[in-house]
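1. have a look at this prediction, sequence included:
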Amino acid sequence: MDQSIAIQETLAKEENCIVAAQCEILLEDFSESRLLGLVECSKEHAIFIYSHRRMAITADDVSLEDIVPISLDFAVVEVSSAEQLVVVGADTRVRMSYKDEELELTLPFGSQSRLFLCEVNKAWSDVCRSPAQVPKFEWINKYKKAIKSQESVKQFIAPLEEFSNKVNQHQEMEKVSDKKGSLEKVKTSNSVTPKPKGNSSQENQSREERDDLVRSSSHTTSNKAQILAMPQFGLRDNLIKCELLKNEDLYTYLENFSFFLGTYNVNGQTPKESLRPWLSCTLKPPDIYCLGFQELDLSKEAFFFNDTPKELEWTKAVSDALHAEAQYALVKLVRLVGIMLIFYVKKEHAEFISDVETDYVGTGIMGRMGNKGAVAIRFRFHNSDICVVNSHLAAHVEEYERRNQDFKDICSRLQFRQLDPTQPPLTIMKHDVVLWIGDLNYRISDLDVDKVKDLITKNDFETLHSYDQLKRQIDEEAVFVGFEEGEIDFQPTYKYDTGSDKWDTSEKCRIPAWCDRILWKGKNIQQEHYQSHMAVRTSDHKPVSSLFIIGIKRVNSEAYKKTFEEIVRNIDKMENECIPSLSLSKREFHFKDVKYMQHQAEALSLFNDGQVPCQFEFIQKPNESTYSKPWLTANPSKGFIPQGGSMVIELEVFVNRSTAPDLNCGKQEIEDILVLHLERGKDYFISVTGNYLPSCFGTSIYSLCHMREPVQDMPIQTLLKLAEMSPDDDSSTAEKPLDIPKELWMMVDHLFRNAVNQEDLFQQPGLRTEFEEIRDCLDSGMPDSLPGSNHSVAEALLLFLDALPEPVIPFSFYQQCLECCSSGAQCEKIVSMLPQCHKNVFSYLAAFLRELLKNSASNGLDVSILVTIFASLLLKSPKKQDLAEKTKTQEFFQHFLN
């Protein structure tokens, strides 16, 4: 996930976050997770250091702690030991210094860290090339003042002389005074999640004992993928790479390896028993383990902040239970809240693992919360590309459509950055082998609990499986198209009384179901077993495992050398004078009836009709910072096309909360020109137009209160006039405005009449298709009742509040609210001063939420949940919001719910 978006939201308009990277800052006896952003303004660069309490999606998730300017006083050097430098999977240990202060940190595994260090090196090199031009860094002063009163990261930045003695005891360091700016030997780390706090000597000892680092081989033909993917490769090298891939059958052969896949929903429990019955159930030790966990931690702290001590507990339980007849190296661990995926490999195979990348996607409420979603690891093993996905999809029997949507969201949003920047990100399906595990949550339909248990007692799993939602959805090609699942000849894995083999005896008495599944897609895959493990009783789920024998492509060195040389000879015959050329399927695109948060895409087909390969890229126009308007993207935006080859570019239009306000009132239109540039060739101009249908989503409270007709029935001139008026000035309007927006009333009234007893309200996401129906009803007319489920209407309400250009409590009142947050009387006084329409909305929403709390016994809501969700929507910072401010906004709003 690109966390630079969250950082960008904290910056001024003229400032740009080039790249972001997560890191661990090393303290004396523990480490802390931080987010680094390389920020540019007026050709000056600085590294912004942020604390973050969960995956950084928006500005609300990060808090600026310090800034390190990149000047002649700046240096960054690798301080890894000689042993660590030959490790793939080890931490990249870096020392960053500025004047007399320094910081030691480790960067996580993957191309994102390499890209970050590369960009930092480039920025520092630019400074060195012009030593006479001393950067002034005036633009960072406003941030320095803002964080001056806070605890900054400098509390653990030690002076050079205090650090040097300690570091020299552990390793030989490169001198900080060596200002070549070279970030050589960029390596990696084992986890994208925060490391547990503990004693550093114990951590080092644990590393040595487990030896969980993946050893690197030299650059040989067996790991040629690493060489071919290096970002410095240009057009000629891309052509060699393309031809090698095209002729792969000439120099590769298949060799079988065993993959152990496991999934376990642990229901927030800690390990209470050995996992050997699950993980060591095979006669021979598998070559690779990929193990997925769900509901690792069910606490509210984990839900909202992504921190949990249970990661270490379960990781240790896993490492203790791996097959005893082999030694394994921990290659990668990735976690999103309670969804965790761990990847181990036999040590003798570790040198053949390369190109390891991770990503994660939250599919919880508003598409942000990570209580549901997926984590994934992709890697290259010998010459085969493999992707492993661990997902936890939406719960409840009736929500199978929501599960289908979660699957599609994960497939579209989960992407892996490639080492070669000219290549688009890899999606899940662009791998030789895809292995999908997790609590998919599909249930048994159309049978009552007694009939289900009767079929289980008879071991008639074939009949029972015919009522399985996942089987039915796959048969209808609604999800997992092209995937396979083995025969299910074990009893359902959910739901049991914890600590036993008894079916659920609680009041809800859940119908047994095969929630926990393992599927695969690809060639040369044979499933050896697919089973549950009844002997493991820690959770209300049973773990599931599957052993696969997969044919992996290995390289024949001699054949590879021969093929490579032949390709090079053929390329040498090409005439350098040939100019690249493309033919385009069309140059004008029109998007009809563009709507808020509704994706539209058109295909642009490129065909290389020239005599040579070509490299293309969409480039920015003069005086513009990006190649397109923010509502338009081209995917991929750059790439390589061999001679006679073709590529399809998706031109995608998507209007979100950032772009909707100006489109709603007519200040902006769906209109842009894309410039497609060919390296050593000409430019092509592509026109993109469309008509946007105004929406109440992204329209101000003031404007909506002055509309008695649906927004799409209003003349655009009226919408523009309303957008330019102040909420404090009602003198120019002849007609009395509505007390609150009619659209807001429709949603709240629907929930008040239908959902006060709804379980998981504002926590369970709705369906996208139902949100679109709700939006259309609100924008085009006022029906007697809104369509869709209670969850869809609830999510629409949150999205409505999130999209307001000016929040319910206007930005100008934000600071006053923070200052008086401890006094209920003062908070009420501030609300009384709000513009009338804003005051009405605030009071109306607070009254509705108090009604929900009266029914907490049935809906499961409490004050802390509602405050956490709504405070950040009603009371937003005009710039950014750190953790302390977020706490104050929650304290402010809580006065109105008690």
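-> Thanks, I have it.

2. in PDB, could you pull the C-alpha coordinates for stretch 130-144?
-> What follows is stretch 130-144, C-alpha atoms only, in PDB (Å, rounded to 0.1, in the frame of the first residue of the first chain):
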ATOM      1  CA  SER A 130      25.700  22.600  -6.300                       C
ATOM      2  CA  PRO A 131      27.500  23.200  -3.000                       C
ATOM      3  CA  ALA A 132      27.400  27.000  -3.600                       C
ATOM      4  CA  GLN A 133      23.600  27.000  -3.600                       C
ATOM      5  CA  VAL A 134      22.800  26.600   0.100                       C
ATOM      6  CA  PRO A 135      19.200  25.400   0.800                       C
ATOM      7  CA  LYS A 136      17.300  27.700   3.100                       C
ATOM      8  CA  PHE A 137      14.500  25.300   4.100                       C
ATOM      9  CA  GLU A 138      12.100  28.200   5.000                       C
ATOM     10  CA  TRP A 139       9.100  26.000   4.000                       C
ATOM     11  CA  ILE A 140       9.700  23.600   6.900                       C
ATOM     12  CA  ASN A 141       9.600  26.300   9.600                       C
ATOM     13  CA  LYS A 142       5.900  26.100  10.000                       C
ATOM     14  CA  TYR A 143       6.200  22.400  10.800                       C
ATOM     15  CA  LYS A 144       9.100  22.900  13.200                       C
END
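
3. report the buried residues of it.
-> By neighbour count on 16 or more other C-beta atoms under 10 Å, the buried set for stretch 130-144 is 135, 137, 139-140, 143. For every residue, glycine as well, the C-beta is placed using N, CA and C.

4. and that stretch, how far from the chain's centre?
-> Remark: stretch 130-144 is offset 33 Å from the chain centroid, using C-alpha atoms, centre = their mean, to the nearest Å.

5. check stretch 636-650 too.
-> Centroid separation between stretch 636-650 and its chain, computed with C-alpha atoms, centre = their mean, is 26 Å.

6. hey, C-alpha coordinates of that stretch in PDB?
-> Only the C-alpha atoms of stretch 636-650 are listed here, as PDB (Å, rounded to 0.1, in the frame of the first residue of the first chain):
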ATOM      1  CA  PRO A 636      -0.300   1.200 -16.600                       C
ATOM      2  CA  SER A 637       1.000   4.700 -17.000                       C
ATOM      3  CA  LYS A 638       4.300   3.500 -18.500                       C
ATOM      4  CA  GLY A 639       5.600   0.300 -20.000                       C
ATOM      5  CA  PHE A 640       7.400  -1.600 -22.700                       C
ATOM      6  CA  ILE A 641       6.000  -3.100 -25.900                       C
ATOM      7  CA  PRO A 642       8.100  -5.400 -28.100                       C
ATOM      8  CA  GLN A 643       8.000  -5.100 -31.900                       C
ATOM      9  CA  GLY A 644       4.700  -6.400 -33.200                       C
ATOM     10  CA  GLY A 645       3.400  -6.500 -29.600                       C
ATOM     11  CA  SER A 646       0.400  -4.800 -28.100                       C
ATOM     12  CA  MET A 647      -0.800  -3.600 -24.700                       C
ATOM     13  CA  VAL A 648      -4.200  -2.500 -23.300                       C
ATOM     14  CA  ILE A 649      -4.200   0.700 -21.200                       C
ATOM     15  CA  GLU A 650      -7.200   1.200 -18.900                       C
END
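
7. now do the buried residues in that stretch.
-> Across stretch 636-650, burial judged by 16+ other C-beta under 10 Å covers 636-643, 647, 649.

8. tell me which residues are up against that stretch.
-> For stretch 636-650, the external contacting residues (C-beta atoms under 8 Å, 6 or more residues apart in numbering) are 235, 238-239, 242-243, 246, 421-424, 582, 601-608, 610-618, 627, 634-635.

9. go through the residues you listed and flag which are in helices.
-> Applying DSSP state H to those, the entries found in helices are 235, 238-239, 242-243, 246.

10. what subset of these is buried?
-> Taking 16+ other C-beta under 10 Å as the criterion, what is buried in the ones in helices among the contacts of stretch 636-650 is 238-239, 242-243.

11. need the contact list for Asp60.
-> 872, 880-881, 886.

12. 10 Å - rerun?
-> 6, 9-10, 53-54, 368, 872, 876-877, 880-883, 885-886, 889 (C-beta atoms under 10 Å, 6 or more residues apart in numbering).

13. ChimeraX command to pick out the buried ones of those?
-> Command for ChimeraX that selects the buried part of the contacts of Asp60, burial taken from 16+ other C-beta under 10 Å:
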select :6,9,10,53,54,368,872,876,877,880,881,882,883,885,886,889
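
14. flag whichever of the contacts of Asp60 scores worst on pLDDT.
-> Taking the contacts of Asp60 together, the minimum pLDDT is found at Arg54 (58).

15. list the buried ones in the helix or strand where Leu117 lies?
-> Taking DSSP states H and E as the criterion, Leu117 maps to helix 111-129. Applying a neighbour-count criterion of 16+ other C-beta under 10 Å, the buried positions in helix 111-129 are 111-121, 123-124, 127.

16. got these as a markdown table, with distance to Phe381 and pLDDT columns?
-> What follows is the buried residues of helix 111-129, written out as a markdown table (distance: C-beta to C-beta, whole Å; pLDDT from 0 to 100):
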| residue | distance to Phe381 | pLDDT |
| --- | --- | --- |
| Ser111 | 18 | 65 |
| Gln112 | 21 | 74 |
| Ser113 | 21 | 78 |
| Arg114 | 20 | 76 |
| Leu115 | 23 | 81 |
| Phe116 | 26 | 86 |
| Leu117 | 26 | 85 |
| Cys118 | 26 | 82 |
| Glu119 | 29 | 87 |
| Val120 | 31 | 90 |
| Asn121 | 30 | 84 |
| Ala123 | 35 | 88 |
| Trp124 | 36 | 87 |
| Val127 | 41 | 86 |
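
17. that older thread, tell me which of the ones in helices among the contacts of stretch 636-650 is nearest to Leu36?
-> When those are compared for distance to Leu36 (C-beta to C-beta), Asn238 wins out at 30.0 Å.

18. thought that closest one was touching Phe616?
-> No. If you go by C-beta atoms under 10 Å, Asn238 and Phe616 don't touch, sitting 11.4 Å apart.

19. hang on, the earlier thing: buried ones among the contacts of stretch 636-650?
-> 238-239, 242-243, 422-424, 582, 602, 604, 606, 608, 610, 612-618, 627, 634.

20. the residues you listed in strands, which ones?
-> 582, 602, 604, 606, 608, 614-618, 634 (DSSP state E).

21. which single one of those is nearest to Asp776?
-> Asp776 lies nearest to Glu602 out of those, by C-beta to C-beta, at 21.8 Å.

22. from Ser646, how far off is the closest one?
-> The gap separating Glu602 from Ser646 is 16 Å, by C-beta to C-beta, to the nearest Å.

23. now distance to Gln473 and pLDDT too, for the ones in strands among the buried ones among the contacts of stretch 636-650, in JSON lines please.
-> Putting those into JSON lines (distance: C-beta to C-beta, whole Å; pLDDT from 0 to 100) gives the following:
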{"residue": "Leu582", "distance to Gln473": "40", "pLDDT": "93"}
{"residue": "Glu602", "distance to Gln473": "29", "pLDDT": "96"}
{"residue": "Leu604", "distance to Gln473": "32", "pLDDT": "97"}
{"residue": "Leu606", "distance to Gln473": "35", "pLDDT": "96"}
{"residue": "Asn608", "distance to Gln473": "40", "pLDDT": "94"}
{"residue": "Cys614", "distance to Gln473": "42", "pLDDT": "87"}
{"residue": "Gln615", "distance to Gln473": "41", "pLDDT": "87"}
{"residue": "Phe616", "distance to Gln473": "39", "pLDDT": "92"}
{"residue": "Glu617", "distance to Gln473": "40", "pLDDT": "92"}
{"residue": "Phe618", "distance to Gln473": "37", "pLDDT": "95"}
{"residue": "Ala634", "distance to Gln473": "32", "pLDDT": "94"}
